[in-house]
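[1] got a sequence here, can you model it:
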Amino acid sequence: MYRKAQTWICFLTCWATVSLTITLQDEASSTVSTSQCLAECICLSFTQVLCNTGGLHEIPNGSLPLTVEDLSLTKNNFPIIRREAFTAHRYLRKLTLDGNNISLIKPFAFRGLPHLRKLSIQHTPLSYVGQYSFAALQNITMLVLAHNKIRYIEGYSFAGTDNVKFIFLSNNPLVTIQSYAFSGLKNVERLILPSGIKEIESDAFNNLQHIGLLKLTYMDLKRLLPYTFRALSYVHVLSIQESDLGVIYKDAFTGLRRINNLNILNNKIDAIKQLNLSADNEIGTFRFLGNHILEAPRASDTILDVGTISALNNHFPCDCQIHNVLESDFVNGSTMEFQLHNFCISPIEFNGKPMSVVDFDGIAKCHEKVFKDNLGSRGQDLRSTLILIMFFLAVSNFF
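    Below is the predicted model:
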């Protein structure tokens, strides 16, 4: 009995000692957390800190627990994010900078954050993405740059950034994508650009590689310049849709390589000077669907050496240009099938009607028509000249 009592007393003593130790550790942790937390912030733990609407005028680099993983700095007052602004907090996994008056992000602002998975910068006056602003980010899951005032993206803005699942640039008044804007960006599952883009410079996508989905929608372009897509490679889906593409110039797609699916869908196209997708481009499936083309390319300027072609529900000119279309690579197989599933945009009497209702045998080819028109014009000029000569001869004989 006495031994049992001793055993119980020993057990209770040990338990009390352990409990007291844990309590003291918790109190110490709480004290350290409070001492390391800024007055403008709430440190929920050593890993989660909120500094929202606190009136911060600079980023508190090193003024917070060094172990913080989730840092929210919303609705503060720092207009500039400086180079390597967060290096003291290298364990950051989630960084939220929404609602600040950010107008400038310096090159390599986020370098030194190897564990960062989500970065959000939304609802700011940021007007452009500068060179190397988002360079050297590794293994980030989500980069959200939506709902800002971004009007253009400079070259090399994302250089050296790899393994990004999603980049969202939606809801920005983006006007221009400059040359090499995405150069050095690799392994992105989805790159979502905003509507309203007015200019894409040559080589805008140069050295952008290994992309799941690159979607360009609701653009208002005057032209698709030569080498727009040069050195864009290893893309699962490149989709250009619901846009005014203006004039597609020669070599617009030259240098594009290894695209599983190239979709050109429901666009207005003023003219196609050349559409050359050669075997070197290595295009798997080319879908040209629902487009309205005002001026068709010559047959020799349409080269579609791709795995699979689908050209349906498009509207082509049904004047002399139609022979160029019917003799081109757009017709992949039966000419009759192509005419059944595509439509006329001009002349006005055939607008919206299937191409199959038009008697193309009665329409001269464009070069023949031009030749006949020129011949007729020369004949008219010759007749006018002869009449004038006869008139002067008659007048001279009269006097």
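[2] from here on, contacts and neighbour counts on C-alpha atoms
    Noted.
[3] what score does residue 139 have for pLDDT?
    On pLDDT, residue 139 comes in at 83.
[4] what count of nearby residues applies to residue 361?
    By the criterion of other CA atoms under 10 Å, residue 361 has 8 neighbours.
[5] also residue 141?
    Neighbours of residue 141 using other CA under 10 Å come to 19.
[6] residues contacting it?
    117-118, 163-166 (CA atoms under 8 Å, 6 or more residues apart in numbering).
[7] likewise residue 157?
    Listed by CA under 8 Å, 6+ apart, the contact partners of residue 157 are 129-135, 181-183.
[8] who does the helix or strand where residue 188 lies pair up with?
    Assigned by DSSP states H and E, residue 188 belongs to strand 186-192. Its sheet considered, strand 186-192 pairs with strand 162-168 (parallel), strand 209-217 (parallel) by DSSP bridges.
[9] and the ones you listed, which one is worst for confidence?
    Across these, the lowest-scoring stretch is strand 162-168, with a mean of 90.
[10] helices of this protein, start to end?
    Taking DSSP state H as the criterion, the chain carries its helices at 2-36, 322-326, 335-340, 366-398.
[11] for the residue minimising distance to the centre of the chain, which non-adjacent residue is spatially closest?
    Centroid-nearest residue in the chain, with CA atoms, centre = their mean: residue 193, separated by 4.1 Å. Nearest non-adjacent residue to residue 193, counting by CA to CA, 6 or more residues apart in numbering: residue 169, 5.0 Å away.
[12] tell me, what's the model's pLDDT at residue 365?
    The predicted local confidence for residue 365 is 85.
[13] contacting residues for the closest residue to it other than its chain neighbours?
    Nearest non-adjacent residue to residue 365, counting by CA to CA, 6+ apart: residue 320, 4.9 Å away. Contacts for residue 320 were tallied using CA under 8 Å, 6+ apart; they are 363-366, 369.
[14] kindly recompute the last result at 7 Å.
    363-366 (CA atoms under 7 Å, 6 or more residues apart in numbering).
[15] cool, residue 101 as well?
    77-79, 124-125.
[16] any of these buried? List them.
    Buried by 16 or more other CA atoms under 10 Å: 77-79, 124-125, out of the contacts of residue 101.
[17] what's the burial count for residue 250?
    If you count neighbours by other CA under 10 Å, residue 250 ends up with 17.
[18] whoops, residue 68 was the one
    20.
[19] skipping its backbone neighbours, what lies nearest it in space?
    Counting by CA to CA, 6+ apart, residue 47 is the residue found nearest to residue 68 once chain neighbours are left out, at 3.8 Å.
[20] got the buried residues for stretch 323-339?
    Quick answer for stretch 323-339 (16+ other CA under 10 Å): 323-326, 328-331, 338-339.
[21] how many residues are close by residue 349?
    9.
[22] now the strands paired with strand 186-192 as TSV including distance to residue 283 and mean neighbour count?
    Shown next, in TSV, are these (distance: least, CA to CA, whole Å; neighbours: other CA atoms under 10 Å):
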stretch	distance to residue 283	mean neighbour count
strand 162-168	23	19
strand 209-217	14	20
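[23] okay, domains of the protein per the record?
    36-362, 364-399 (automatic domain parsing).
[24] hang on, the earlier thing: filter the contacts of residue 320 down to the ones in strands?
    Counting by DSSP state E, no part of these is found in strands.
[25] nearest to residue 92 among those?
    Nearest to residue 92 among those: residue 366, at 64.9 Å, using CA to CA.
[26] many thanks, have a good one.
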